[in-house]
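*Asks:* what follows is a predicted structure for the sequence shown.
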Amino acid sequence: MTDYVDGYCERVGPGLWGEPLNSLSNLAFLLAAVLVWRLAGGNRTGRLLAVLIGLVFAASTVFHLVATRWAAAGDSLFILVFVLVYAVLFARVFFGVRAKLAWLAAPAFLALTAVTALLGGGLYLSALVGLFAFAALLALRRDAYWTHFAVAGAVFALSLSLRTLDRDVCDYVPAGTHFLWHLLNGVVLYFVSRTMVRKLSIVD
């Protein structure tokens, strides 16, 4: 777990400042967390999402600073936690599913992730599928919020493409494209969290 990870164009060797752009671009998550916290006001669900985004910021920053397997595992873990919590909240808030049943959205998403992993996509492909699935489900209910998830899905698709391209463009773009993945994902996390907070303000 302490093995060194060299997975990005920008990193050329060990050291805390081996990925300056990848490290600094994580500030997009911190900004998203602060904005969601302020938007949430006294809403506990909104504040929970803000805290989870803050944990994504911390975990991703640590990973790009120390570049070890344990840090990579933590990075993926906190992203997964945010996605699972959001899936449960989506079922509860947008479809009125009772709390005792809404939690089933978490294992359902894990099952989807297992399927996408077999296709080589894993967590991120399942998150992309999930965003467009949310949009489709809301569109069928004629819920205007479907456009929010469609836009978030489109931005995440671009973000995921840039993440995938990172190692392929090293010869042309030494800094790579992974830092753009962070910047765009900060936008996605803020956007879906804002959507949840706004929906809650209507429901409440």
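*Replies:* The structure has been received and is ready for your questions.
*Asks:* mind telling me what element the residue lying farthest from the centre of the chain is part of?
*Replies:* Most distant from the centre of the chain: Asp171, at 28.0 Å, with distances by CA atoms, centre = their mean. Secondary structure assignment for Asp171, by DSSP states H and E: no helix or strand.
*Asks:* measure it to Cys9 for me?
*Replies:* 9 Å (CB to CB, to the nearest Å). C-beta here means a position set from N, CA and C on the backbone, and glycine is covered the same way.
*Asks:* what do you get for Leu110?
*Replies:* In terms of CB to CB, Leu110 sits 31 Å off from Cys9.
*Asks:* who's more crowded, these two?
*Replies:* The neighbour count for Leu110 versus Cys9, taken as other CB atoms under 10 Å, is higher for Cys9 (24 against 16).
*Asks:* for the protein, which spans come out with low pLDDT?
*Replies:* 1-2, 203-204 (pLDDT under 70).
*Asks:* put the alpha carbons of stretch 57-77 into PDB.
*Replies:* In PDB, the C-alpha atoms belonging to stretch 57-77 read as follows (Å, rounded to 0.1, in the frame of the first residue of the first chain):
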ATOM      1  CA  PHE A  57     -10.900  17.500  -1.800                       C
ATOM      2  CA  ALA A  58      -8.700  16.300   1.100                       C
ATOM      3  CA  ALA A  59      -8.300  12.700  -0.200                       C
ATOM      4  CA  SER A  60      -7.500  13.700  -3.800                       C
ATOM      5  CA  THR A  61      -5.000  16.300  -2.600                       C
ATOM      6  CA  VAL A  62      -3.200  13.900  -0.400                       C
ATOM      7  CA  PHE A  63      -3.000  11.300  -3.200                       C
ATOM      8  CA  HIS A  64      -1.500  13.800  -5.700                       C
ATOM      9  CA  LEU A  65       0.900  15.000  -3.100                       C
ATOM     10  CA  VAL A  66       2.200  11.600  -1.800                       C
ATOM     11  CA  ALA A  67       1.400   9.400  -4.800                       C
ATOM     12  CA  THR A  68       1.100   6.100  -3.000                       C
ATOM     13  CA  ARG A  69      -1.400   3.200  -3.300                       C
ATOM     14  CA  TRP A  70      -3.000   3.800   0.100                       C
ATOM     15  CA  ALA A  71      -3.600   7.400  -0.900                       C
ATOM     16  CA  ALA A  72      -5.100   6.300  -4.200                       C
ATOM     17  CA  ALA A  73      -7.400   3.900  -2.300                       C
ATOM     18  CA  GLY A  74      -8.600   6.800  -0.100                       C
ATOM     19  CA  ASP A  75      -9.100   9.000  -3.100                       C
ATOM     20  CA  SER A  76     -11.400   6.400  -4.800                       C
ATOM     21  CA  LEU A  77     -13.100   5.600  -1.400                       C
END
